[in-house]
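Trainee: No letters, just coordinates:
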Ligand code: FES
């Protein structure tokens, strides 16, 4: 009978962080020729499932994939598309592409930041809204464009921000 090593126990504990579908995915990646090159794919998968990458999950990924924890958190914090904190119920994304910028997206962003009391990539303390900036949404003719949840709002001006937020206050 093979002996259980302390490392096995750490990995067993780490595995408890994930549901079976995620574990299957990570296990498949670990079996590949260069498992480390699948780290970003694993981070995406974990974020897709749990909404963000908590410290505990990053640590667990490091143990299961046998990658130094500093490397895992380094990669997770390097890429903007990874979230290390929980996101709000509603994501507000403002397009900062050229057409939107020229039409005043920065002023709309400033107003949104003031009203919500947060900066980009932050979540309001009530956990309701996360503010993000995004690249061109492909609706340049309707600039400046913002997305609130799945709704797209066109030709937004700073003075429309309050009434827009009002529509979502009961989420
Ligand atoms: S630049 Fe904003 S939609 Fe294209």
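Mentor: Right, received. Where do you want to start? The shown structure was predicted, so the numbers you read here are calculated from the model rather than taken from an experiment.
Trainee: Could you verify that residue 133 is part of a helix?
Mentor: No. Under DSSP: H, G, I helix; E, B strand; the rest coil, residue 133 falls outside any helix and is assigned strand.
Trainee: in terms of contact, does it touch residue 100 like I think?
Mentor: No. Using Cβ atoms under 8 Å, residue 133 is not in contact with residue 100; the gap is 9.9 Å. Every C-beta, even on glycine, is put in place using the N, C-alpha and C of the backbone.
Trainee: what do these two both touch?
Mentor: residue 94 (Cβ atoms under 8 Å, 6 or more residues apart in numbering).
Trainee: Looking at these two, which has the bigger crowd around it?
Mentor: Neighbour count, other Cβ atoms under 10 Å: between residue 133 and residue 100, residue 100 has more, with 27 against 17.
Trainee: so which strand or helix has that one?
Mentor: Assessed by DSSP states H and E, residue 100 sits inside helix 98-102.
Trainee: Check which residues of the following helix or strand past that helix are buried.
Mentor: Once the chain leaves helix 98-102, the next helix or strand it forms, by DSSP H and E, is helix 105-116. For helix 105-116, burial by neighbour count (16 or more other Cβ atoms under 10 Å) applies to 105, 106, 107, 108, 109, 111, 112, 113, 116.
Trainee: Please consider this matter closed, and thank you.
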